[in-house]
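>>> Requesting a structural model of the entry that follows:
(3 chains)
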Amino acid sequence: MSWEPVIGLEVHVQMRTERKLFCGNQVVFGDEPNSHVCPVCLGLPGALPTTNPEAVKLAVRTALALDCTIHLTSVWERKNYFYPDLPKGYQITQFEMPLATDGVVIYDGPEGEGLVRIRRAHMEEDAGKSIHDRIPRGTVVDLNRAGTPLVEIVTEPDLCSPADARAFLVALKHILEYADVSDCNMEEGSLRVDANVSLRSVGASELGAKTEIKNVNSFSGVERALEIEIARQAEVLDHGGTVDQETLLWDDHMGQLRSMRSKEDSHDYRYFPDPDLPPLVLEPSLVEVTRQCLPELPRLRRDRFIQDYGLSSYDAGVLTHTVASANYFEAVVGASAEAKSAANWVMGPLQALMNERGEDLETFRVRARALAELIELVTDGTVSDTAAKKVLAIVAEDGGSPRAVIEEQGLAQVRDDVQLEQWVQAVIEAQPDEVSRYQGGEKRLIGFLVGQVMRRSSGTADPRRVNAILTKELI
Amino acid sequence: MSVGQKQAERIAILARLHFGAEEIERLTEELNHILQHVEALRNLEDGPAVVHSEEGAPQAWQRGSTRGSEAEVPDTLDQGLNKVSPDWAEGFFVVPPLPGLHKDEGA
Amino acid sequence: MTTLAKAAHAVGAIQELENGGAPLNAFLAVAHPESLAVANSEGLLAGIPLAVKDNLATTGFDTTCGSKVLEGYRSPYESTVVRRAKAAGAVVVGKTNLDEFAMGSSTENSAYGPTLNPHDRSRVPGGSSGGSAAAVAAGLVPMALGSDTGGSVRQPAAFCGIVGIKPTYGRVSRYGLVAYASSLDQVGTLGRTVTDAARLLQVVSGYDERDATSDERPVPDLLGAVGRGVEGLVIGVPNEYLPDGLDPALRDLVNTALRELEEAGAKIRRVSLPHTRYAIPCYYVLAPAEASSNLSRYDGVRYGVRCAEADLISMYQGTRSTGLGIEVKRRIMLGTYALSAGYYDEYYGTAQRARRMITEDFRSVFDDGVDALFTPTSPTPAFKIGERMDDPMEMYLSDVFTVTANLAGIPGISVPIGSIRGLPVGGQVLAPWWQEDQMLAIAGELETRIQGAEA
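Numbers count the residues shown, from 1 in each chain, chains lettered A, B, ... in the order given. The predicted structure follows:
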């Protein structure tokens, strides 16, 4: 029998708000434990929640970025369960009437473009953190995270392979970064994924019993966990068994799934509307303004780059990988650089230099205008490519304009044949071996010899002229 | 509708309460007695339910407002949490170990 | 007397009574005389000794809610109402006894022993704000804060022969009021006179950004309303609140009060609130449902008394089973059941529908030209201690005339209208949403006329 997997995901995204969802404490990662807490997020007797308007705006933006229908009235509900890091004994979330439903995400899957329907996107508060191995006598609880605003995004079971799931998550993260709603920092848990998976015989329409995989905090982890679970379910089904509906925990270090001890009460959350909070009612204008202010999302921007700048799909993809690089590229073009050269420079020398220096566009001192200027100077022959790279490095280190650097350092391209011939003669004298090998037929050594001349000229020589002179001299 | 003792025990687990055998028996009886009175609700004619008490409701509810600037400032705690906590160590609340649960659960 | 002297005198009187031969057990904590301070000597409550129900968070006293699970718990923050009362010059002289987490109608469900009725120490003071009512009735303080979820201010006020107000839901901030049933809970005031109760209400009312269910409407002049009179008002008397089996003596007192109002210029009209019979079942689904969730936080993790156990689940169960009293556990069980999978629609859903219909009953009589309603506060005067402890349902039925106001969110006041066999009896005025002033005008008129008649 052959089986096909049916996969749905639930993604918890931390909104990048300054303050918590239901109280004024700051959202801070990695500070002293229990240092950003107040009566509300501690669940002290008598404390009451109040809704953070900034979180609501970000949640609306998130839902719009996923092409969801926004519901002007949504209702806060309580999800009741006991856990040490859940201070009130319930989580404030949305259940029957969520903020948004019916969205869509298009992604580049392993077999081409894929589409996942988003069932719902709702707001909820995060729990605190339980740490189980810090002290021997028990578990310790830090409530700094308690009350952090989350949006939970629930997909329809539209994904059909682990690689597909991963590709979707990459696209989703990309959208969230573009919409600027979350820092999407997976190490800090800003994006957490639960996966539901079941198998059905190929072509069947009914869904089999599903299991839920929790606690996965990397995309590769999602892919691996799903592969393992799909293999396990197939094995069970192949032997005529049935899959139990259960929750599994992913252990990233061990690369294993473990069954969570099933508690008889684990699925009776007794949801009911939270009487402490009025329903969330949105002004239609808020939704409209948010829609209008929504940044161009990654796929649209990529397509536009291809269209408007004549870039290849690959180059457009690389440049739109982050909002920052796409913006940078467009700023370079906007400052009059030709698009293809701009793309080559941004993806090539600029990226290499940033990698080398351990920098990103936020810290990098070569601003878009400077790069455009440099590209112009290369195009009009003022500097050679080689010298231009040097200029780039100098500007990155010390700032300043490329033109000024070129003047100061005398890096302008030398096309004066007298000067060039002197350098060529010097190289011929200094490299007798290579010269004789070249003359003996190893024609590819011309590149080496040109390089030597360029070096002697500190990169200022016009390499095409050098090549011509060398070729002539060595006949 | 009446509650059986097994069901009462299940509810007790959900509510993290523990009762002795006699206690749960008496409690089950009492619950059923109360629920008998609640049965009166069966005679209620159909109609819409209240999600929230919106009748003559506070303006804030109709507006569905989010909080204002005053509530953006967290209320202060006038004593350390170590003073109210039953078990406190290194800035953390401490609870006994979770039986049978792995350290990653609930994250 | 200087502003502080009144409070010092009150503390002395409380200590004398509570440490003497016939204590009422009205207080769970009393201020140290040295710690007394007046924050505002010009305020509306300057120097007035104030008793505060022990389910309102205070930084100067423990806040136990009458429960073992919060024994010794000192709130690190203060409730909005106490902040406001202090800012107006009130001096909090102590915290008063109550049914555990305000669940009860007699103050017998306190982990710290029952409070006695000052009119007859063999009887209950009512509840759950029984400590506050007894403290006022005994003359220890002129006014006190309470909370009213199903009648918990009005019924003890009636039992103790004083005045008790439950304002419109949203009129007073609940920030710092330890939640029992959040959609029904409202802080209320108790006083020796309508004016005293109104004065305290005037101070604590008004919008609070920390309570999303509090309202932004301006607070009317409540104090000024007390002497306004009732000329031309239409006062409805709902048939359902004067059932056939009602004590004839109580019926007589209600009729006397109505005659007085008529003489004062009000028109009396019989009306019907047909869904009243669903009020008790509705309340005893919704309140326990909310309570079951509100009380989950008493898990021994962050504060309060923990039952030391080797593992987490045992700790939870031990803490909650030993820390919470039987009535609280009964309601948690009831509420958990009503919300659990498969029963939600039948119980919680139906009760919400009943709530709407009860609310619509009020709306339609108020829309029909009725300015306020008059009813007995409770079907009986104070009952004997222990009399109803074995039958929870009978205890619940003592709220039959008061729960409707909580379900609909309207304001209500209980004011003394005489006594039966030496025990005080209260009459209840219910007004439309946000019309506490109307309600106080009627209560003030009754107070003047009935006290005048008795004198």
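
>>> From here on, just use CA atoms for contacts and neighbour counts.
Fine.

>>> Torsion angles phi and psi at the closest residue in space to A:R415 that isn't next to it in sequence?
Of all residues not flanking A:R415 in the chain, A:D462 sits nearest, at 5.8 Å (Cα to Cα, 6 or more residues apart in numbering or on different chains). Per-residue torsions, A:D462: phi -80, psi 110 (degrees, to the nearest 10).

>>> Return the residues in contact with A:D462.
A:S384, A:Q413, A:V414, A:R415 (Cα atoms under 8 Å, 6 or more residues apart in numbering or on different chains).

>>> The last one and A:R464: what is the separation?
In this view, A:R415 and A:R464 are 9 Å apart by Cα to Cα, to the nearest Å.

>>> neighbour-wise, which of these two wins?
Between A:R415 and A:R464, counted using other Cα atoms under 10 Å in any protein chain shown, A:R415 has the larger neighbour count: 17 against 12.

>>> While we're on that one, how confident is the model there?
At A:R415, the predicted lDDT confidence score is 73.

>>> didn't it look like it was pressed against A:A461?
Yes - contact criterion Cα atoms under 8 Å: A:R415 and A:A461 qualify, at 6.5 Å.

>>> who's in contact with the residue positioned nearest the centre of chain C?
With distances taken as Cα atoms, centre = their mean, the residue of chain C nearest its centroid is C:V153 (2.0 Å). Contact analysis of C:V153 by Cα under 8 Å, 6+ apart lists C:G127, C:S128, C:S129, C:A133, C:G146, C:S147, C:G164, C:I165, C:K166, C:G188, C:T189, C:L190.

>>> With C:N117 instead?
Contacts of C:N117 by Cα under 8 Å, 6+ apart are C:L24, C:R123, C:V124, C:P125, C:G126, C:A134, C:F159, C:C160, C:A382.

>>> what does the stretch 51-200 of chain A have sitting close to chain C?
A:N80, A:F82, A:P84, A:P87, A:K88, A:G89, A:Y90 (Cα under 8 Å from any Cα of the partner chain).

>>> And the residues you listed, which is closest to C:V230?
A:K88 (46.6 Å; Cα to Cα).

>>> burial count for the closest one?
For A:K88, using other Cα under 10 Å, the count is 27.

>>> who's in contact with it?
When contacts are taken as Cα under 8 Å, 6+ apart, A:K88 is in contact with A:L42, A:G43, C:N294, C:S296, C:R297.

>>> How much space separates it from chain B?
According to Cα to the nearest Cα, to the nearest Å, A:K88 stands 13 Å off from chain B.

>>> helix/strand/coil for that residue?
What DSSP: H, G, I helix; E, B strand; the rest coil gives for A:K88 is coil.

>>> which residues in chain B form helices?
In chain B, the helices defined using DSSP state H lie at B:5-14, B:21-38, B:59-63, B:81-84.

>>> Any buried residues in the last one, and which?
When you say that, I think you mean helix B:81-84. Buried positions in helix B:81-84, judged by neighbour count with 16 or more other Cα atoms under 10 Å in any protein chain shown: B:L81, B:N82, B:V84.

>>> now check it, is it near chain C?
Yes - shown here: helix B:81-84 in contact with chain C (Cα under 8 Å from any Cα) through B:V84.

>>> And the longest strand seen in chain A, what's buried?
Secondary structure assigned by DSSP state E gives strand A:112-125 as the longest strand of chain A. Within strand A:112-125, the residues that count as buried by 16+ other Cα under 10 Å are A:G114, A:V116, A:R117, A:I118, A:R119, A:R120, A:A121, A:H122, A:M123, A:E124, A:E125.

>>> Just name whatever secondary elements it is in contact with.
Other helices and strands packing on strand A:112-125, by 3 or more Cα pairs under 8 Å, 6 or more residues apart in numbering or on different chains; DSSP states H and E, are helix A:53-65, strand A:90-94, strand A:100-109, strand A:149-155.

>>> and the ones you listed, which is most packed in?
strand A:149-155 (a mean of 26; mean count of other Cα atoms under 10 Å in any protein chain shown).

>>> Direction included, what does the longest strand of chain A pair up with?
Using DSSP bridges, strand A:112-125 pairs in its sheet with strand A:100-109 (antiparallel), strand A:149-155 (antiparallel).

>>> tilt between it and strand A:90-94?
Calculated by axes from the mean of the first three to the mean of the last three Cα atoms, to 10 degrees, strand A:112-125 forms an angle of 130 degrees with strand A:90-94.

>>> now the helix or strand just after strand A:112-125, how far from the centre of its chain.
Sequence-wise, the next helix or strand downstream of strand A:112-125 (DSSP states H and E) is strand A:129-135. With Cα atoms, centre = their mean, to the nearest Å as the basis, strand A:129-135 stands 30 Å off its chain's centre.

>>> Send me strand A:129-135 as PDB with only the CA atoms.
The C-alpha trace of strand A:129-135 is given here as PDB (Å, rounded to 0.1, in the frame of the first residue of the first chain):
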ATOM      1  CA  LYS A 129       9.000  29.700  30.900                       C
ATOM      2  CA  SER A 130       9.500  26.600  33.000                       C
ATOM      3  CA  ILE A 131      13.100  25.400  33.300                       C
ATOM      4  CA  HIS A 132      13.400  21.800  34.500                       C
ATOM      5  CA  ASP A 133      17.100  21.300  34.900                       C
ATOM      6  CA  ARG A 134      18.300  24.400  36.700                       C
ATOM      7  CA  ILE A 135      18.000  23.300  40.300                       C
END
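
>>> elements contacting that strand?
In terms of contacts (3+ Cα pairs under 8 Å, 6+ apart), strand A:129-135 is packed against strand A:138-142.

>>> circling back: same list, the helices of chain B, but as TSV with distance to C:L250 and mean pLDDT please.
Formatted as TSV, those follow (distance: least, Cα to Cα, whole Å; pLDDT from 0 to 100):
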stretch	distance to C:L250	mean pLDDT
helix B:5-14	40	94
helix B:21-38	25	93
helix B:59-63	39	50
helix B:81-84	48	93
